[in-house]
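*Asks:* Got a sequence here, can you model it:
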Amino acid sequence: MKTVRPLIAVILLFLAAAANAQSQEVTLSFVPVQTTVNFTLGDVLHTVHGTFLLKSGQVHFNPGTNAVSGSIVVDGASGDSGNAARDRKMHKEILESSRYPEVTFRPDRVDGKVLTQGSSTLQVHGMFGIHGAEHELTVPAQLELGSDHWNLTVHFEVPYVKWGMKDPSTFILRVEKTVAIDLHAVGLSSWTPAP
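*Replies:* Model prediction:
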C-alpha cells in the first residue's frame, strides 16, 4: 500500500500537467536575425544556392486541438544567389518581386503529436502565398519546443512553374521546375490560457 500511494500521486501529477498543457496555447515568435531561409535550384551545369530574409513570423498553437494560426512572412525582394545578373532575372522575370514583395505561409493545421517539451516530427498544413496567389501546402517539420524558446527545421519543394511563374530555362540551359526551400527558425515561446 505504501508503494501504491506515491505511484498514484505521480500519475495524478502527470495527468494534471497534461490537462494543463492542453488547456493552454503557445505563441511562437520568430527571431528574424536567427532564422535562415535557403533555396536550392538545380540546372544541367550546376546547382544554384541562395538565401531569403525573414521579415516576420508569429504562430499560435493549441496542443489540445492541434489548431494553429498566424503567419510567416519572407522578404521576396531579398532573394540572393550571389550572382547579380541571375538575381536581376529572378526578381524581374520569375518572382516579379517589385510587384509581389512578400512570400507568406499561413498555417492552419498540424498533423502529429506536439510535445510541449522536446522534439516533435510534424506535418504542417497551410496556405503558401507567392507571386500573387495562394496554394495549399503541407510541409514536414521538426520542432524542438522548450518552456520559453523553440527551434524549427523545415524542408519542402515549391513547384514554381506549375504555380504560374516563368520557367527560366533556355535552349542551352535547362533548369529544374521546382525549387527546394530549407528553413531553420529560432524563436521565443510564451504560454497563455487557450481561448
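*Asks:* can you map out the strands along this protein?
*Replies:* Using DSSP state E, the strands of the chain run over 24-30, 36-42, 47-62, 67-80, 102-111, 118-130, 133-145, 149-158, 179-193.
*Asks:* Show me what the residue nearest to the spatial centre of the chain bridges to in the sheet.
*Replies:* Centroid-nearest residue in the chain, with CA atoms, centre = their mean: Val154, separated by 5.7 Å. Here Val154 shows beta-bridge partners Ala141, Leu183, assigned using DSSP bridges.
*Asks:* contacting residues for it?
*Replies:* Listed by CB atoms under 8 Å, 6 or more residues apart in numbering, the contact partners of Val154 are Val124, Val139, Pro140, Ala141, Gln142, Ile181, Asp182, Leu183, His184, Ala185. The C-beta positions use only the backbone N, C-alpha and C, and glycine is treated the same way.
*Asks:* Let's see the PyMOL selection covering just the buried ones among these.
*Replies:* Selection of buried members from those for PyMOL, criterion 16 or more other CB atoms under 10 Å:
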select buried, resi 124+139+141+181+183+185
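*Asks:* of all the contacts of Val154, which comes closest to Asn38?
*Replies:* For Asn38, the closest of the contacts of Val154 turns out to be Asp182, at 4.6 Å, with distances computed as CB to CB.
*Asks:* Ignoring the adjacent residues along the chain, who's closest to the closest one?
*Replies:* Across the structure, with CB to CB, 6 or more residues apart in numbering as the measure, the residue nearest Asp182 apart from its sequence neighbours is Asn38 (4.6 Å).
*Asks:* Quick check: bridge partners of Val26?
*Replies:* With DSSP bridges as the criterion, the beta-bridge partners of Val26 are Phe61, Trp191.
*Asks:* isn't it right next to Ser147, touching?
*Replies:* No: proximity of Val26 to Ser147 does not meet the contact threshold set by CB atoms under 8 Å, at 9.6 Å.
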